[in-house]
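Engineer: I'd like to go over a predicted model; first the sequence, then the structure.
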Amino acid sequence: MRMQPYTLLGKYRDLVLAIALFLVIDIGVLAFNYFTSALLEKDTTRINIAGELRMYSQQLAKSVLTLRFELETGQPVQTSLAQISEAQSAFEESLRRLERELSSASSEFMGSNAGTLAALESLQGLNKYWQPLAIETAALTGMPPSSLQPGIADSAASMATARNVKIMQLAGELTEMLERSTRERASAMRQIQLLAIVLALLNFVFIIFKFVRSLRRSDRAAEIARDETGRILATVQEGLVLIDRQGRIGQQQSASLAGLFGAALPAGNRFLDVLAPRIAAENLESAGNYIDLLFNQRVKPALLRQLNPLQEIAFAHDDDQECYLDFEFVQVRSGDQVDYLLVSVFDITERVVLQRQLAAAETRAKSETDALLAVLDQDPHQIDVFLRTTEARLAEINLALAGVDARPEAYLKLIRKTARTIHGIKGEAAILNLRAVEQSIHDFETTLAPLLQRRDLNGDDLIPIAVALNDVHENTAKIWRVIGRVRHYAEGKPEDPATARNELRELLAQIEHMTLRVAEDLNKKARLQVSTPSGIRLPEHALSFLRTTLPQLVRNAIAHGIESAEERLKKGKPLEGTIHCAVDVADDGALTVQIQDDGAGLAPAKLRATMLAKGLISAREAEQMSDQEVVSRMFEPGFSQQDDVNLHAGRGEGLAVVREAIAAVGARMRISSRPERYTRFTIRLEKEHWQCV
């Protein structure tokens, strides 16, 4: 497509041309003034030379008369002769100069040939009238002063007196002629300057008119565009704003943006500075890096859309109300350059809330389904025993909460006992695969964790414990309801002794399943190997003891003893860790329980450093304690080898539950370990403590 000439200067062509003409006129006037000043200077020189002719003529006449007087009186005549010679030479020099000036005047800018010719004729007439006087005076100055006699200068004096008047008259007429010519030239120059000034003013008026009209037209167009933009920004539902390459907020914003942010965004401020107090720090840093990438013109925006860190972001208002916003960024390009980013903001709070409500409903449905399946998968008698025991323990905790002394130390003692009690319930729920109960107790432990670290407890701190107790009770009640719904399908009948179950083996089978599940949750590989003598029968209180202790010891072995598959591979061990669980009756009738893993073993130095770092012992105690004392401190409440807390470890209550259960039944426990080889816990319960009477 051929470019039209108008497009060369665009819509400002007329304005640019008018300004160029204005500059040309101004430069022309300046040049004209420069040249006319030079001409006026030459005219002034000619007028001055004509005036000199009158002066030199009068000086010559005076000198001749003085010479005659000096000759008559006998005075020296050298000075008069010198003056006559000087005046004659100056007059003739002025004549020549004026003749040259007038000869060059005909070629000058704005020169008048008629006036110049008249001035030359007048000058020639003056010269002719001067020549006889010049000859007469030259004769006087050419004679030696000693030969001059009185009367010899009478003729020259008479001629000088007579011709001086005429010469002065002719010189005056010549001066008037030159002055008249100069005035005519000056008048013409003024007219030309006036014309140039008028043209310049007209051109300036044209420029102003053109500029104002163009400006008004642009203002009308801009006003219409602003009105249209304002209507669009006031109508759209999403928040819209531009940010530049420095991350600064633009002037134009949609009306919805103020509602989304709680107030209009201050133009000129950095976009990230406005977001900083309202979103999480990690999201803010990611957003800064993402915006920098969007301003890179070589990066495809489609590739970055999936990396947007400001999608479904939690946003805090000034009134502490939280909503959820979705930010979208579109590149605004000028050629290959990305000049701006168009930011679109959407309020997705309702969608997020609905999604969470749906997820919560699905979780509840899954929880009820899991509870039903767990109940159906277990022995009804064991479930019944667990639920009744749990309800009794929860009631005991609730009663203790109601009757606790109003002292910080009493509160702390109660909370520690509660932590151990519910941790035991958690282990029993784990072997029965009652995940909902296990998770609710894990949440209960999360509530207790900060309280166990305080020494300034008060009655208000017990309120969250009561709420957590109610949550656990709700989960156990849910299982009761499930049992009630299926009870009419499976009414229990008295067991046939020939087909009576081996409850110990069932318990150990449940712990085997728990082992696989816990190992999978902790991203490890482990299996449980069980050995029990055939035909062994345990009373309910012994089984209850094992339900309390075995899950804690097995869980402890998986979490703290068995290494990850990568670590075991580096150590030359099988990828899958092994935990041996042996329950037997000794020759003297004592019940023995042994749990041994092939993990990393116990490292007293590491245990000592962990206790010191967590403030459980002082530096002096750490130096004075033996390795055996350090190992025994593992059973203190609150001690854990893990820094983070998960469903299976990190609370520091598992081994404390074991110690409390052992003390309750009068058993003894021995620990042996070898670094990188094994750790073994052996529990011995004397015959009179476990066999029914």
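Structural biologist: Perfect, thanks for sending it.

Engineer: How about the contacts made by the residue nearest to Phe22 when sequence neighbours are not counted?
Structural biologist: Distances taken as Cβ to Cβ, 6 or more residues apart in numbering place Asn203 nearest to Phe22, at 4.7 Å, with adjacent residues excluded. For every residue, glycine as well, the C-beta is placed using N, CA and C. By Cβ atoms under 8 Å, 6 or more residues apart in numbering, Asn203 lies in contact with 18, 21-22, 25.

Engineer: So in the protein, where's the weakest helix or strand by average pLDDT?
Structural biologist: Lowest mean confidence among the helices and strands of the chain (mean pLDDT, DSSP states H and E): helix 301-304, at a mean of 64.

Engineer: Could you give the number of residues near Ala359?
Structural biologist: 10 (other Cβ atoms under 10 Å).

Engineer: Please enumerate the helices of the stretch 451-600 of the chain.
Structural biologist: 463-486, 503-521, 540-556, 565-570 (DSSP state H, counting those that start in this stretch).

Engineer: pLDDT averaged over the second one, what's the number?
Structural biologist: By that I understand helix 503-521. What helix 503-521 shows for mean pLDDT is 86.

Engineer: and if you look at the shortest one?
Structural biologist: Taken as a whole, helix 565-570 has an average pLDDT of 88.

Engineer: still on that earlier bit, three-state assignment of the residue nearest to Phe22?
Structural biologist: helix (DSSP: H, G, I helix; E, B strand; the rest coil).

Engineer: Okay, it and Val24: tell me how far apart.
Structural biologist: 9 Å (Cβ to Cβ, to the nearest Å).

Engineer: again with Ser218
Structural biologist: Where Val24 is concerned, Ser218 sits at a distance of 27 Å (Cβ to Cβ).

Engineer: what does Leu462 give?
Structural biologist: From Leu462 over to Val24 (counting by Cβ to Cβ), the distance is 96 Å.

Engineer: do Arg213 as well
Structural biologist: For Arg213, the distance to Val24 - Cβ to Cβ - is 23 Å.

Engineer: Below-threshold pLDDT in the stretch 51-200 of the chain: ranges please.
Structural biologist: The model of the stretch 51-200 of the chain has pLDDT under 70 over residues 105-113, 115.

Engineer: need the helices for it, in chain order.
Structural biologist: 78-105, 113-142, 154-235.

Engineer: Distance to Ala559 added to these, as TSV?
Structural biologist: Converted to TSV, the helices of the stretch 51-200 of the chain look like this (distance: least, Cβ to Cβ, whole Å):
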stretch	distance to Ala559
helix 78-105	119
helix 113-142	123
helix 154-235	58
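
Engineer: what sits against Leu414?
Structural biologist: Applying Cβ under 8 Å, 6+ apart, the residues near Leu414 are 400-401, 404, 462.

Engineer: and with 10 Å instead?
Structural biologist: Leu414 sits next to 397, 400-401, 403-405, 457, 462, 465 when contact means Cβ atoms under 10 Å, 6 or more residues apart in numbering.

Engineer: which of the residues in the longest strand anywhere in the chain are buried?
Structural biologist: Identified as the longest strand of the chain according to DSSP state E is strand 322-334. By 16 or more other Cβ atoms under 10 Å, the buried positions in strand 322-334 come out as 323-327, 329, 331.

Engineer: which one of those is nearest Glu52?
Structural biologist: Gln331 (85.0 Å; Cβ to Cβ).

Engineer: what bridges to that closest one?
Structural biologist: Leu341 (DSSP bridges).

Engineer: quick one: it from Gly259, how far?
Structural biologist: 26 Å.

Engineer: again with Lys524
Structural biologist: Lys524 is 51 Å from Gly259, by Cβ to Cβ.

Engineer: Neighbour count: these two, which is higher?
Structural biologist: Taking other Cβ under 10 Å, Lys524 and Gly259 do not tie; Lys524 has more neighbours (20 against 13).

Engineer: Wait, the more buried one touches Arg568, no?
Structural biologist: Yes - between Lys524 and Arg568 there is a contact under Cβ atoms under 10 Å: 9.0 Å.

Engineer: joint contacts of those two?
Structural biologist: Joint contacts of Lys524 and Arg568 (Cβ under 10 Å, 6+ apart) are 562, 575-577, 599.

Engineer: residues contacting the residue lying closest to Glu173 once chain neighbours are set aside?
Structural biologist: Among residues not flanking Glu173 along the chain, Ser122 sits closest, at 6.2 Å (Cβ to Cβ, 6+ apart). By Cβ under 10 Å, 6+ apart, the contact list for Ser122 reads 50, 102, 170-171, 173-178.

Engineer: so what's the residue nearest to Gly51 when sequence neighbours are not counted up against?
Structural biologist: Spatially, and ignoring its direct neighbours in sequence, Gly51 is nearest to Thr175 (5.9 Å; Cβ to Cβ, 6+ apart). Applying Cβ under 10 Å, 6+ apart to Thr175 gives the contacts 46-51, 53-54, 119, 122.

Engineer: ok, now with 7 Å
Structural biologist: With contacts defined as Cβ atoms under 7 Å, 6 or more residues apart in numbering, the neighbours of Thr175 are 47, 50-51.

Engineer: who wins for most neighbours among those?
Structural biologist: Ala50 (26 neighbours).

Engineer: That residue and Glu176 touch, don't they?
Structural biologist: No - with contact defined as Cβ atoms under 7 Å, Ala50 does not reach Glu176; the gap is 8.9 Å.

Engineer: From Leu30, how far out is Leu194?
Structural biologist: When Leu194 is compared with Leu30 (using Cβ to Cβ), they lie 15 Å apart.

Engineer: secondary structure element for the residue nearest to the spatial centre of the chain?
Structural biologist: The chain has Leu272 as the residue nearest its centroid, 4.7 Å off, counting by Cα atoms, centre = their mean. Take DSSP states H and E as the rule and Leu272 turns out to sit in helix 271-275.

Engineer: mind listing what's buried in that helix?
Structural biologist: 271, 275.

Engineer: Which residues does stretch 532-545 contact?
Structural biologist: 503-505, 507-508, 583-585, 591, 661, 665, 690, 692.

Engineer: Just send those residues back as JSON lines, with neighbour count and distance to Arg231 too.
Structural biologist: Shown next, in JSON lines, are those (neighbours: other Cβ atoms under 10 Å; distance: Cβ to Cβ, whole Å):
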{"residue": "Glu503", "neighbour count": "18", "distance to Arg231": "79"}
{"residue": "Leu504", "neighbour count": "18", "distance to Arg231": "81"}
{"residue": "Arg505", "neighbour count": "14", "distance to Arg231": "80"}
{"residue": "Leu507", "neighbour count": "24", "distance to Arg231": "75"}
{"residue": "Leu508", "neighbour count": "20", "distance to Arg231": "77"}
{"residue": "Val583", "neighbour count": "23", "distance to Arg231": "82"}
{"residue": "Asp584", "neighbour count": "13", "distance to Arg231": "87"}
{"residue": "Val585", "neighbour count": "17", "distance to Arg231": "90"}
{"residue": "Leu591", "neighbour count": "23", "distance to Arg231": "86"}
{"residue": "Ala661", "neighbour count": "21", "distance to Arg231": "76"}
{"residue": "Val665", "neighbour count": "18", "distance to Arg231": "82"}
{"residue": "Trp690", "neighbour count": "21", "distance to Arg231": "86"}
{"residue": "Cys692", "neighbour count": "9", "distance to Arg231": "89"}
